[in-house]
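In: Coordinates for the following, if possible.
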Amino acid sequence: MAMKMAPGAAGRDPDVMVDINTTPLIDVMLVLLIMLIITIPIQTHAVKLNMPVGIPPPPLAPPEVVTIEVDFDGTFIWNGLVLPDRADLELRLQAAAATSVQPEIHLRPNKLVKYEAVAAVMASAQRLGLTKIGLIGNEQFIR
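Out: Presented below is the predicted three-dimensional model:
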């Protein structure tokens, strides 16, 4: 028994399906994801913080601001008053460190001053325990 074939279709192979069926793969992936989520241990550790209770104290008065300028020749100027030598600067820094509320020290070096003079002021302040030191006038060093 022979079957009749359509003319012209005798020499052709049937079309091959090239698409993969991804539905079972997605199902397997979802099952693995659910298993992973179930097996991850729950994070139970916590950070204990001591939070303040009650009314916070009123803010303190702003600290005194001391401006120390270092001129181009290495002379020191304390709030507009020219100091005769570095020993006088040390005495004033000691007095500032001895106060109950330390002052803010604003250090304003001249553009032409040697770094040694500026570093000496900063080292003296740090050695005496003054911690609130800031450099003023940094914009002059940009140019």
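
In: Phi first, then psi, for the residue lying closest to residue 118 once chain neighbours are set aside.
Out: Closest residue to residue 118 apart from its sequence neighbours, by Cβ to Cβ, 6 or more residues apart in numbering: residue 109 at 4.6 Å. In short, each C-beta sits where N, CA and C put it, glycine included. With angles defined as degrees, to the nearest 10, residue 109 sits at phi -80, psi 150.

In: tell me the contacts of residue 109?
Out: 69, 70, 117, 118, 135, 137 (Cβ atoms under 8 Å, 6 or more residues apart in numbering).

In: what do you get for residue 93?
Out: When contacts are counted by Cβ under 8 Å, 6+ apart, residue 93 touches 124, 125, 128, 130.

In: Where do the strands of the protein begin and end?
Out: 65-70, 76-78, 81-82, 104-109, 133-135 (DSSP state E).

In: just to revisit the earlier point, just give me the closest of the contacts of residue 109 to residue 96.
Out: For the contacts of residue 109, the minimum distance to residue 96 (Cβ to Cβ) is 15.6 Å, reached by residue 69.

In: Is it correct that the closest one is in contact with residue 76?
Out: Yes. With contacts counted by Cβ atoms under 8 Å, residue 69 reaches residue 76, the gap being 7.3 Å.

In: just to revisit the earlier point, going by distance to residue 60, which of the contacts of residue 93 wins?
Out: When the contacts of residue 93 are compared for distance to residue 60 (Cβ to Cβ), residue 130 wins out at 17.5 Å.

In: What is the burial count for the closest one?
Out: Close neighbours of residue 130, defined as other Cβ atoms under 10 Å, add up to 19.
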